[in-house]
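Novice: Predicted model, plus sequence, below.
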4 protein chains.
Amino acid sequence: MPVDFPQILAEISHEIEPHRGGGQVAQYIPALAAIDPMKFGMCVALGDGQAFCLGDADERFSIQSISKVFTMSMALRKVGEALWDRVGREPSGSPFNSIVQLEMERGIPRNPLINAGAIVVSDLLVEEVGAAAMIEQLLQRLRLLSGDESVSVDHIVADSEAKAGSRNRALASFMESFGNLKNPVEETLAAYFSHCAISMSCRQLARAALFLAFDGRDPISGMTMVTSEACRRINAVMMSCGHYDNSGDFTYRIGLPGKSGVGGGILVIAPGHGSVCVWSPGLNKAGTSHVGSVALETLVKLTGWSVFV
Amino acid sequence: MPVDFPQILAEISHEIEPHRGGGQVAQYIPALAAIDPMKFGMCVALGDGQAFCLGDADERFSIQSISKVFTMSMALRKVGEALWDRVGREPSGSPFNSIVQLEMERGIPRNPLINAGAIVVSDLLVEEVGAAAMIEQLLQRLRLLSGDESVSVDHIVADSEAKAGSRNRALASFMESFGNLKNPVEETLAAYFSHCAISMSCRQLARAALFLAFDGRDPISGMTMVTSEACRRINAVMMSCGHYDNSGDFTYRIGLPGKSGVGGGILVIAPGHGSVCVWSPGLNKAGTSHVGSVALETLVKLTGWSVFV
Amino acid sequence: MPVDFPQILAEISHEIEPHRGGGQVAQYIPALAAIDPMKFGMCVALGDGQAFCLGDADERFSIQSISKVFTMSMALRKVGEALWDRVGREPSGSPFNSIVQLEMERGIPRNPLINAGAIVVSDLLVEEVGAAAMIEQLLQRLRLLSGDESVSVDHIVADSEAKAGSRNRALASFMESFGNLKNPVEETLAAYFSHCAISMSCRQLARAALFLAFDGRDPISGMTMVTSEACRRINAVMMSCGHYDNSGDFTYRIGLPGKSGVGGGILVIAPGHGSVCVWSPGLNKAGTSHVGSVALETLVKLTGWSVFV
Amino acid sequence: MPVDFPQILAEISHEIEPHRGGGQVAQYIPALAAIDPMKFGMCVALGDGQAFCLGDADERFSIQSISKVFTMSMALRKVGEALWDRVGREPSGSPFNSIVQLEMERGIPRNPLINAGAIVVSDLLVEEVGAAAMIEQLLQRLRLLSGDESVSVDHIVADSEAKAGSRNRALASFMESFGNLKNPVEETLAAYFSHCAISMSCRQLARAALFLAFDGRDPISGMTMVTSEACRRINAVMMSCGHYDNSGDFTYRIGLPGKSGVGGGILVIAPGHGSVCVWSPGLNKAGTSHVGSVALETLVKLTGWSVFV
């Protein structure tokens, strides 16, 4: 039975209405704090090239930690399993910026999707190709996949992140003290803040991540982005670790690999079906979009897209 | 393309050969320590009733923590979402018997698949139906599903567990101090030690868990064991939390919901395909069967059964 | 210049007046919760046999953790430095009943003045002389030193403690799981609850502890209670660890070795001068008598009895 | 009975002989790693101006964390009790550079004698008087007290510290993220690294700290350095927190307020008697001079200088 997406999106639109404006918009930098909490966008991208959108699906937002999925993918392409010498792949059970485990585990972050882990991934990529080339290659790939040459870093956001970056600076210096940072702290952090500050729309993100739903091969261009095995593993890490200390709850309620960002975006992969991006800036306590979660929960209920069926 | 299971099992048999006897057999009770480390059994149960077996697939072993999947299922049937008032569903990031988080989180265990959480589940079931009836109902269901009336508790193992049970006693008393234990500590622990001491074979366990691969409905008898939603959620909790502080790695390498037991068994669910049980007593550092993990990794490679494809 | 104690006590009486009734009376057992929060007693015992008292100095109260000073003394007499194989002598930096460090430090409590440490001390004494004899010897010594044959255990309090003892039971079982408990949990706990439930007055306690101010020798009877070296070390442990996670603040404000109990008593040693006991049931957040602390701070200011001058 | 110091020092010299060269010289910067492990110096300074010295008592070494006693004193003079709004006075129970507690306690370090706390003290002094003036005032005071105009910062050491300073940089950035750092991280750290890199001899340090043994008043010049109350409190913090997670053991074995430095120096105050400095570069696991501890333990045994008598 074919899924009637326009009908499903209409139901989602209805379902989220009472939640609009809920949650708390990120306040730590002005560029994020200024976003209208009523914004809501959603896009479902399918393997045949169709995309079904809702609301502000074409408005760009700061993708923030969603970018970590793409830098992890790039690191797996560049160094393969050697990535895991410098970062784990276990859920942290802790908030996104916790430093406690880092001390007990001697500078090896729990996974590439918490801040400390993503900083190590940036450090590794800076080491491999240099900071400028790393960002350039990442943007090229996102532009290619999303079909929009204008995808770029929002430098106002990146600069704000750098200014408000004490906690990430602490994480980086701490890992450096254990020998798990190879470049100067500020150089690695500049790369990290840049990729977090990329702006994309729901439509672009859903489109760009489609290869993760089709075994590593972009179904539209036919290009292989990562190996089949790497693709499965990226999805596995998203499933285990995509939402900090809320990862288990997300898996329980939504049942799909995903990654949330503090800008209010959530990217979700439905293997074999497609990829989905929602955006709404109000966050729950774990830093995941509140309205976005409701929308995804409804989508999964209506499509039956859980990986557990 | 139909999967050629006899061929796959032959390859697995070949693949595990150099690993046979690896890992460390559990030493904390004599009944487990005495098991021959060379034992290996495996059974793949399919929805059409077929079962493909290897090695000691018909020898019973102590299912230990695998029983937690069935007590969690029972609790969801009895009290539904109220279960989550007393236990979380986040990965712990800690060993199976850690007490640290329990102090920080004021007596609410992280999930029902670590010891503390499973003790709370037992406590809840003892409260609902009484200790004797709880074990009786659990056994009846396992007998019904596995088609073997002789499935039962190994009382020698249960008694040994009780004697060596200081750590679990500490967890229970600790939760009692936070008001999260309703029955006397020893009564709840007796129920807990009993369900952990159930003996089953790979064939029986794979068969008994088949409903979890088919949306809550046992495909052979046609009986609905849990709702479709509960089924998805049980799988989700197994995926997030089934292997203590090794859950992320298991998800990464095997990509299926599973639960390991210190007796050397691992139960794995392949939604829409079937269920698999392996058994080999040597454990890795996280308490998961070493040879069993290798066998499952090979199976997944050959069948492509990851949920992430 | 001789100290004018009647004048000093009068000033203390004036100073504490606005604080009377402050703090929170311990609520976890009825026998403690029922105590009138306005109670206040104080006694300063000197080496020449003089004792200066204030308020309810002759009313008995539950000495609770103050008893740990006497069991630690007994353990040092019985086994000497071997005590430190089973318990540390570092401040815990944690609340009195924390279990976190016990996990990291594999069942060895930080010091003999937190609950876990005192349980190990009781266990060691039960092992050495048996539970009944241990309590009997302790009482005999307290009776001898305080000159009152009626000093005894309040069995209503001891029974209440046992009933409300989940947290201490958890600590004991946890240590047993690491091999640091030699007797059955309930036997050791019974001894522990008994010595915590001894009732004494400020006058009796100050008198009984006088030997700690005079290098281990009771200045009135002339009897040596502990060696000079043990005496200095008991005072050292009281100074470092006598008030849980408030020990540093107590040292800062009062500057004398001391031990507080949840019954509202505080025992303080002024080496070379005498010993002091205050009692007032309202506790601060760290479980130390609020009014008692104010009284001691005033006493130290007026006498200059800090060890740091 | 007058103490025969030449005789006591001779006994100490004999007692430490078998320990010479023991422990591990600090390796994290070349300037410390290069120090001859056989070095040993000791000086006992008395209130009447006498100083009894042993071995390399006139050789300068890097005072490192001993400087924290002087910056804490300066902070108490400048802002009084307001110091405690930004740093606690409880023992940490953790190694000198731990970051765990800092996360749980939201950027407020446990005490001014661990790295994080001393960085906050430096930050406060930089805020009050500026970085250059802070170091200048500190040096002037040390020169005045020690009677040696040449006391100064070893800039080679300070630069090395800055280069190897990732962990301290992490601590500072981390506290900044909680709002507990007011100046730029590098500015505060430069001040911190400078005062840790001051070089002094045992004779100079013992002499300079004499005011702490005489109620805040330097007995030789007659100048009041801190109030009587501040003096008692500085000693109290040294007693509670002077040796990281070894503070309880130091109090137990030596019974005097003290502060150790990773350069191998230990400063100890004997209230009413005098002050003592030992130096020997080999450190025990807690970062305290191994031979220095033995020398102090012997001194205390022979003089009876414990505060607990």
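Specialist: Received the coordinates, thanks.
Novice: only C-alpha atoms for contact and neighbour calcs from this point on.
Specialist: Fine.
Novice: Give me the distance between A:V87 and C:I29.
Specialist: Between A:V87 and C:I29 the computed distance is 49 Å (CA to CA, to the nearest Å).
Novice: Look at those two and report which has more neighbours.
Specialist: A:V87 (21 against 17; other CA atoms under 10 Å in any protein chain shown).
Novice: How about the residues of the stretch 1-150 of chain A by chain B?
Specialist: Applying CA under 8 Å from any CA of the partner chain, we find that the stretch 1-150 of chain A lies next to chain B at A:R89, A:E90, A:P91, A:S92, A:G93.
Novice: Just the helices from the stretch 1-150 of chain A, written as ranges.
Specialist: Here the stretch 1-150 of chain A has its helices, by DSSP state H, counting those that start in this stretch, at A:5-16, A:30-33, A:67-79, A:100-104, A:115-129, A:131-146.
Novice: Lowest average confidence across those, which one?
Specialist: Mean pLDDT per stretch puts helix A:100-104 lowest among these, at a mean of 78.
Novice: And that one, what does it pack against?
Specialist: The helices and strands touching helix A:100-104, judged by 3 or more CA pairs under 8 Å, 6 or more residues apart in numbering or on different chains; DSSP states H and E, are helix D:100-104.
Novice: Which residues does the helix it packs on contact?
Specialist: A:S98, A:I99, A:V100, A:E103, D:S92, D:I108, D:P109, D:R110, D:M175 (CA atoms under 8 Å, 6 or more residues apart in numbering or on different chains).
Novice: and it, how far from the chain's centre?
Specialist: Put simply, helix D:100-104 sits 24 Å off its chain's centre (CA atoms, centre = their mean, to the nearest Å).
Novice: would you list every one of the strands in chain A?
Specialist: Ranges of strands in chain A, per DSSP state E, are A:24-25, A:41-46, A:51-55, A:61-62, A:152-153, A:198-200, A:258-260, A:265-270, A:274-279, A:282-283.
Novice: ok, back up a step: put the buried members of the residues of the stretch 1-150 of chain A next to chain B into a ChimeraX selection.
Specialist: In ChimeraX, this line selects whichever of those come out buried by 16 or more other CA atoms under 10 Å in any protein chain shown:
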select /A:89,90,91,92,93
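Novice: Look through the stretch 101-250 of chain A and state the residue closest to chain C.
Specialist: Here the residue of the stretch 101-250 of chain A nearest chain C is A:M104; by CA to the nearest CA that distance is 10.6 Å.
Novice: got TSV for the strands of chain A, with mean neighbour count too?
Specialist: Below are the strands of chain A laid out as TSV (neighbours: other CA atoms under 10 Å in any protein chain shown):
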stretch	mean neighbour count
strand A:24-25	21
strand A:41-46	26
strand A:51-55	18
strand A:61-62	25
strand A:152-153	20
strand A:198-200	25
strand A:258-260	29
strand A:265-270	30
strand A:274-279	29
strand A:282-283	28
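Novice: got those as TSV, with mean pLDDT and distance to chain D columns?
Specialist: Converted to TSV, the strands of chain A look like this (pLDDT from 0 to 100; distance: least, CA to the nearest CA, whole Å):
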stretch	mean pLDDT	distance to chain D
strand A:24-25	95	19
strand A:41-46	98	32
strand A:51-55	97	36
strand A:61-62	97	22
strand A:152-153	97	24
strand A:198-200	98	24
strand A:258-260	97	23
strand A:265-270	98	24
strand A:274-279	98	27
strand A:282-283	96	20
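Novice: Distance to C:D159 added to these, as CSV?
Specialist: As requested, the strands of chain A are exported to CSV (distance: least, CA to CA, whole Å):
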stretch, distance to C:D159
strand A:24-25, 50
strand A:41-46, 62
strand A:51-55, 66
strand A:61-62, 62
strand A:152-153, 68
strand A:198-200, 65
strand A:258-260, 53
strand A:265-270, 56
strand A:274-279, 59
strand A:282-283, 50
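Novice: So for stretch A:65-78, what gets flagged as buried?
Specialist: Neighbour counts over stretch A:65-78 (16+ other CA under 10 Å) mark A:S65, A:I66, A:S67, A:K68, A:V69, A:F70, A:T71, A:M72, A:S73, A:M74, A:A75, A:L76 as buried.
Novice: how much space is there between the residue in the stretch 201-309 of chain A positioned nearest to chain D and A:A170?
Specialist: Closest contact between the stretch 201-309 of chain A and chain D, by CA to the nearest CA, is at A:D245 (16.0 Å). As for A:D245, its distance to A:A170 is 20 Å (criterion: CA to CA).
Novice: Could you check which of those two is surrounded by more residues?
Specialist: More crowded of A:D245 and A:A170, by other CA under 10 Å: A:A170, with 28 against 23.
Novice: gap between the closest residue to the more buried one other than its chain neighbours and D:L181?
Specialist: Once flanking residues are discounted, A:A170 sits nearest to D:A170: 4.0 Å by CA to CA, 6 or more residues apart in numbering or on different chains. For D:A170, the distance to D:L181 (CA to CA) stands at 12 Å.
Novice: Equivalent analysis for A:D218, please.
Specialist: Distance of A:D218 to D:L181, given as CA to CA: 48 Å.
Novice: now A:L139
Specialist: In this view, A:L139 and D:L181 are 36 Å apart by CA to CA.
Novice: more crowded one of those two?
Specialist: A side-by-side neighbour count of A:L139 and D:L181, using other CA under 10 Å, places D:L181 first with 23 against 19.
Novice: can I assume that one is in contact with D:S122?
Specialist: No: using CA atoms under 8 Å, D:L181 is not in contact with D:S122; the gap is 9.7 Å.
Novice: intersection of neighbour lists for these two?
Specialist: Counting by CA under 8 Å, 6+ apart, D:L181 and D:S122 have no contacts in common.
Novice: contacting residues for A:C43?
Specialist: Taking CA under 8 Å, 6+ apart as the test, what A:C43 contacts is A:A51, A:F52, A:C53, A:L54, A:A57, A:C202, A:R203, A:A206, A:V276, A:C277, A:V278.
Novice: Who are the contact partners of the residue of the stretch 51-200 of chain A found nearest chain D?
Specialist: Residue of the stretch 51-200 of chain A nearest chain D, by CA to the nearest CA: A:A170 (4.0 Å). Counting by CA under 8 Å, 6+ apart, A:A170 touches D:R169, D:A170, D:L171, D:A172, D:S173, D:F174.
Novice: closest to chain B among those residues?
Specialist: The closest of these to chain B turns out to be D:F174 (CA to the nearest CA; 21.7 Å).
Novice: close enough to count as contact, that closest one and A:S166?
Specialist: Yes: if you go by CA under 8 Å, D:F174 and A:S166 touch, sitting 6.2 Å apart.
Novice: how many neighbours does A:A164 have?
Specialist: With other CA under 10 Å as criterion, A:A164 counts 15.
Novice: Relative to D:S160, how far out is A:I16?
Specialist: Distance, A:I16 to D:S160, by CA to CA: 58 Å.
Novice: Please identify which of these two sits among more neighbours.
Specialist: Ranked by neighbour count (other CA under 10 Å), A:I16 and D:S160 place A:I16 first, with 20 against 17.
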